[in-house]
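In: 3D, please:
(3 chains)
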Amino acid sequence: MEVLAALNLGEIAGTFSKMGMFPVFDLAYYIVSILYLKYEPGSVEVSRRSPVASWLCAMLYCFGSYILADVMLGHSPLDYFQHNSHILLASAVWYLTFYCPLNLFYKCVAFLPVKLVLVALKEVVRCRKIAAGVHHAHHAFHNGFFIMVIVGYVKGSGVALMSNFEQLLRGVWRPETNEILNMSFPTKASLYGAVLFTLQEAHWLPVGKSTLILCFTLFMATSKVVMTARHSHGSPFALVESWVCHLLFGSALGGAEEEHHHAPAPPSPLKTKEELSEGARKRKTKKAE
Amino acid sequence: MEVLAALNLGEIAGTFSKMGMFPVFDLAYYIVSILYLKYEPGSVEVSRRSPVASWLCAMLYCFGSYILADVMLGHSPLDYFQHNSHILLASAVWYLTFYCPLNLFYKCVAFLPVKLVLVALKEVVRCRKIAAGVHHAHHAFHNGFFIMVIVGYVKGSGVALMSNFEQLLRGVWRPETNEILNMSFPTKASLYGAVLFTLQEAHWLPVGKSTLILCFTLFMATSKVVMTARHSHGSPFALVESWVCHLLFGSALGGAEEEHHHAPAPPSPLKTKEELSEGARKRKTKKAE
Amino acid sequence: MEVLAALNLGEIAGTFSKMGMFPVFDLAYYIVSILYLKYEPGSVEVSRRSPVASWLCAMLYCFGSYILADVMLGHSPLDYFQHNSHILLASAVWYLTFYCPLNLFYKCVAFLPVKLVLVALKEVVRCRKIAAGVHHAHHAFHNGFFIMVIVGYVKGSGVALMSNFEQLLRGVWRPETNEILNMSFPTKASLYGAVLFTLQEAHWLPVGKSTLILCFTLFMATSKVVMTARHSHGSPFALVESWVCHLLFGSALGGAEEEHHHAPAPPSPLKTKEELSEGARKRKTKKAE
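Out: Reported below is the predicted structural model:
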């Protein structure tokens, strides 16, 4: 019974980790990413004033992780843009999200049940990207464990890590914060995921790669779906992190929430794109149109 | 008669597209570029306080397109700096423009008839750069049509696309605008040119490359000379763009002019380096000395 | 007698230029660099709020020169991170500097006699880096003299040249100044050193490389030790520079000091990390804890 379960899990994990991402999962990734772009204050006006700037931002949201990882590994930042079909698909999503008559497309994909499915599919892509990033870096720098973590991290976090410069493209500049100073849940999870995949790649973690992909994907998809459904932005890591940071770095106990209250710069409610509650976002987006 | 004309045009175009750019055309390019740098408010003070920063800015103005294109293709950003003679020529122009006794050099090249000739020569270089950029990208990524457009665009626009960071080097920071959000005529024309050259390279445009170079150069040179002579900053594309943007992106009709009035951030008169009228520029530059 | 002295000098220089930098000299480099990071206002709070951001800043302080030089030569910016032992050593220094109980480590290394030794050792590493950078660029671009100077400069100055972006990582943004607009002594000396090493590499300087390394190291170490001991931030180049700039660039005579008084933007006392007096720094750092 036990063996059978293990065997089945291994088989499922193997099949799952070989599943192609294009076009279904990638499409979900593009839709959710560009949805988050539309939630950003001012992005609808930019799409009216300068379609080129809006398209560029959309591309950064969809392919930022590839661009950053290519830069980190010394390749051309445009390397991924040779996949014309991916770019065209993302461009179509961008066009429908911003310019569809009656805002129909946006209303469909922002409808909560649909969105929850898309969010889950997006997390599948994120996990695969982290694993691929770590593997790619391992291939290029055989013992460069720090490089593996950084490339995996960058592959998982994508545009968030360059959000300051993405905002600058839209004429917005918020130097007082950035994604590394105030990590959102997906960024944090990408970092931990990158560490796990690096440990696995270095054979310090007694678990198969496909099993790790399956487990991490399940964790990420569940967390994000629950967080999206409950409009929450708490992190499942908060308690453990709070204790570890207290022990290692002498941070005040009480976790991120309390820290924010004591921080000298009052965190604006628009700080990170994933921290806005659903309702506020929709109102803002509607008003802007 | 018709055939003869076509033959002649083809021959002229062929000869024209093989003509070397160094040193005459490149010299004109450097002179006009560094002239625009001197028009920038504050650049004369920077040249007094920190010659190194001023020289770096001048190099960005002259070689920004090469730097950006090299970065986009994953090469060393300093690749072009191995052409010592080009760098020395540009440095000489920079020195004469900023430090010539009695400001003689500046007065000569800013004299309108001289300037009109130089501007025309500069556009010749710009067109050749776009064609070369598209061709280079085509060579590196055979079917990467998006990459070809982006590299051609970047080669034509040069420093304008990184003007925010070029200004930062001089201690100026204007995050509320950038060249993609408010495209000037040369930047727009570079984008359209890059699209045309990409279509030609992909054999979707039934026209020879040298003919396209000739026609595009004539269009650019004429437009820029007329605009410089009339101190105008309207764009010949305004009417077509206004209709296309209205149809495709739901922008308000009336073109860029009206849009500016409705824009939330009032566009400052110093927004883009090519939008200042000749008179105002000269007064500012004189005052600064 | 004369010959013997020359022989001895040559031998000493040869031995000196072959001496390994890891771990003693590199350790001193990391300690002094991270000490300067801790002097930066706000860096202690960042280390409490976001250890990841603080660690990244520390890595930029320690390895910024390698990152910048790799970017300039078109390599992966993470190239140096494959040296796990260097990264671990720097991380240990970072941890001890920011989180050591009772701030013991900081108090030890900031104790003036200890610090003077460390500062001297750091300058040894800086000089070797400049020489290595010029040599590396010479290898990649045989006649690219400008590239050699730029890479050597970047190798010597390190994080200072990207201080604006390093500050941004900590949520600080000071666009009105940068290290090129207001060069500190080490940045200036790196530039002059890079020029000297380039001239040597091009055989225009009738002196051996190891001799040049020895002389330049002695000059840098002495200058920095004297300046650190006297809490001074004047530059030994001030007089010569003032005259050369007056002759070549028409700057007002009287040097950097007077220029500052006439500058439109009043230079804040926190402008460059090396300009704070020892006392003020210590008070600030203590207060922050």
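
In: Quick one: name the residues of chain A near chain B.
Out: Taking Cβ under 8 Å from any Cβ of the partner chain as the measure of proximity, chain A contacts chain B at A:45-53, A:56, A:70, A:74-79, A:81-82, A:84, A:87, A:98-99, A:168-173. Where C-beta positions appear, they are placed from N, C-alpha and C, glycine not excepted.

In: switch to 6 Å and redo it
Out: Residues of chain A found near chain B (Cβ under 6 Å from any Cβ of the partner chain) are A:48, A:50-53, A:75-76, A:78, A:81-82, A:87, A:99, A:168, A:171, A:173.

In: Find the residue closest to A:L253 in space, skipping its chain neighbours.
Out: Spatial nearest neighbour of A:L253, excluding adjacent residues (Cβ to Cβ, 6 or more residues apart in numbering or on different chains): A:H246 at 5.1 Å.

In: nope, A:N178 is what I meant
Out: Once flanking residues are discounted, A:N178 sits nearest to A:N164: 5.4 Å by Cβ to Cβ, 6+ apart.

In: In the stretch 1-150 of chain A, where is pLDDT below threshold?
Out: Scanning the stretch 1-150 of chain A for pLDDT under 70 picks out the ranges A:1-7.

In: let's go with 50 and repeat that
Out: For the stretch 1-150 of chain A, applying pLDDT under 50 flags the ranges A:1.

In: got a list of what the residue of it found nearest chain B touches?
Out: Nearest residue of the stretch 1-150 of chain A to chain B, counting by Cβ to the nearest Cβ: A:S76, 3.1 Å away. With contacts defined as Cβ atoms under 6 Å, 6 or more residues apart in numbering or on different chains, A:S76 is in contact with B:L73, B:G74.

In: Check the gap between the residue sitting nearest the centre point of chain A and chain B for me.
Out: Centroid check for chain A by Cα atoms, centre = their mean gives A:S157 as the closest residue, at 4.7 Å. In this view, A:S157 and chain B are 22 Å apart by Cβ to the nearest Cβ, to the nearest Å.

In: Check which helices and strands the host helix or strand of that residue sits against.
Out: Using DSSP states H and E, A:S157 sits within helix A:145-157. For helix A:145-157, the packing partners by 3 or more Cβ pairs under 6 Å, 6 or more residues apart in numbering or on different chains; DSSP states H and E come out as helix A:51-72, helix A:112-140, helix A:185-201.

In: May I see the ones you listed organised as TSV, with mean neighbour count added?
Out: Shown next, in TSV, are those (neighbours: other Cβ atoms under 10 Å in any protein chain shown):
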stretch	mean neighbour count
helix A:51-72	23
helix A:112-140	21
helix A:185-201	22
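
In: Excluding chain neighbours, what is closest to the residue of the stretch 151-289 of chain A found nearest chain B?
Out: Relative to chain B, the nearest point of the stretch 151-289 of chain A is A:W173 (3.3 Å; Cβ to the nearest Cβ). Of all residues beyond its chain neighbours, the one nearest A:W173 is B:P175 (3.3 Å), with distances taken as Cβ to Cβ, 6+ apart.

In: Helix, strand or coil: sort out that neighbour for me.
Out: Secondary structure assignment for B:P175 (DSSP: H, G, I helix; E, B strand; the rest coil): coil.

In: ok, now the one 5 residues further on?
Out: For B:I180, the assignment made with three-state DSSP gives coil.

In: Could you name the helices and strands sitting against the helix or strand harbouring A:S85?
Out: Assigned by DSSP H and E, A:S85 belongs to helix A:84-99. Counting contacts by 3+ Cβ pairs under 6 Å, 6+ apart, helix A:84-99 packs against helix A:24-39, helix A:104-110.

In: List the buried residues for it?
Out: A:H86, A:I87, A:L89, A:A90, A:S91, A:V93, A:W94, A:Y95, A:L96, A:T97, A:F98, A:Y99 (16 or more other Cβ atoms under 10 Å in any protein chain shown).

In: Residue numbers of chain A in contact with chain C?
Out: Residues of chain A lying close to chain C by Cβ under 6 Å from any Cβ are A:72-74, A:141, A:144, A:146-147, A:175-177, A:180-181, A:249-251.

In: now, the most widely separated pair of those residues?
Out: Largest separation among the residues of chain A next to chain C by Cβ to Cβ: A:G74 and A:G250, giving 37.0 Å.

In: low-scoring stretches of the stretch 151-289 of chain A, by residue?
Out: Ranges of the stretch 151-289 of chain A meeting pLDDT under 50: A:255-280, A:282-284, A:286-289.

In: number of nearby residues for the residue nearest to A:A137 when sequence neighbours are not counted?
Out: Nearest residue to A:A137, sequence neighbours excluded (Cβ to Cβ, 6+ apart): A:V151, at 3.9 Å. A:V151: 31 surrounding residues under other Cβ atoms under 10 Å in any protein chain shown.

In: Just to check, A:V151 is in contact with A:H139?
Out: No: counting by Cβ atoms under 6 Å, A:V151 stays clear of A:H139, with 10.5 Å between them.

In: just to revisit the earlier point, tell me how many other residues surround the residue nearest to A:W173.
Out: B:P175: 18 neighbours (other Cβ under 10 Å).

In: pretty sure it is touching A:R174, no?
Out: No: at 9.2 Å, B:P175 does not count as touching A:R174 under the criterion of Cβ under 6 Å.

In: Starting from chain C, give me the distance back to A:C127.
Out: As judged by Cβ to the nearest Cβ, A:C127 and chain C stand 20 Å apart.

In: With A:V32 instead?
Out: With Cβ to the nearest Cβ as the criterion, A:V32 and chain C are 25 Å apart.

In: Excluding covalently adjacent residues, which one is nearest to that residue?
Out: In this structure, A:V32 finds its nearest non-sequential neighbour in A:K122, 4.5 Å apart by Cβ to Cβ, 6+ apart.

In: who's in contact with the one you found?
Out: Contacts of A:K122 by Cβ under 6 Å, 6+ apart are A:A28, A:Y29, A:V32.

In: Over to whichever residue of the stretch 101-250 of chain A sits closest to chain C: give its phi and psi.
Out: Nearest residue of the stretch 101-250 of chain A to chain C: A:P175, at 3.3 Å (Cβ to the nearest Cβ). Torsion angles at A:P175 (phi, psi; degrees, to the nearest 10) stand at phi -70, psi -20.

In: Please apply the same query to A:F141.
Out: Main-chain dihedrals, A:F141, degrees, to the nearest 10: phi -130, psi 100.

In: what do you get for A:A202?
Out: Residue torsions, per degrees, to the nearest 10, at A:A202 are phi -90, psi 10.

In: Counting neighbours, what do you get for it?
Out: 13.

In: In space, what's closest to it - neighbours in sequence excluded?
Out: Nearest non-adjacent residue to A:A202, counting by Cβ to Cβ, 6+ apart: A:F145, 6.3 Å away.

In: count of neighbours near the one you found?
Out: A:F145 - counted by other Cβ under 10 Å - has 23 other residues nearby.

In: likewise A:K18?
Out: With other Cβ under 10 Å as criterion, A:K18 counts 8.

In: quick one: it from B:I31, how far?
Out: Distance of A:K18 to B:I31, given as Cβ to Cβ, to the nearest Å: 60 Å.

In: show me what contacts A:I147?
Out: A:A137, A:F141, C:L78, C:F81.

In: So the third one versus A:M72, what's the distance?
Out: Between C:L78 and A:M72 the distance is 5 Å, computed by Cβ to Cβ.
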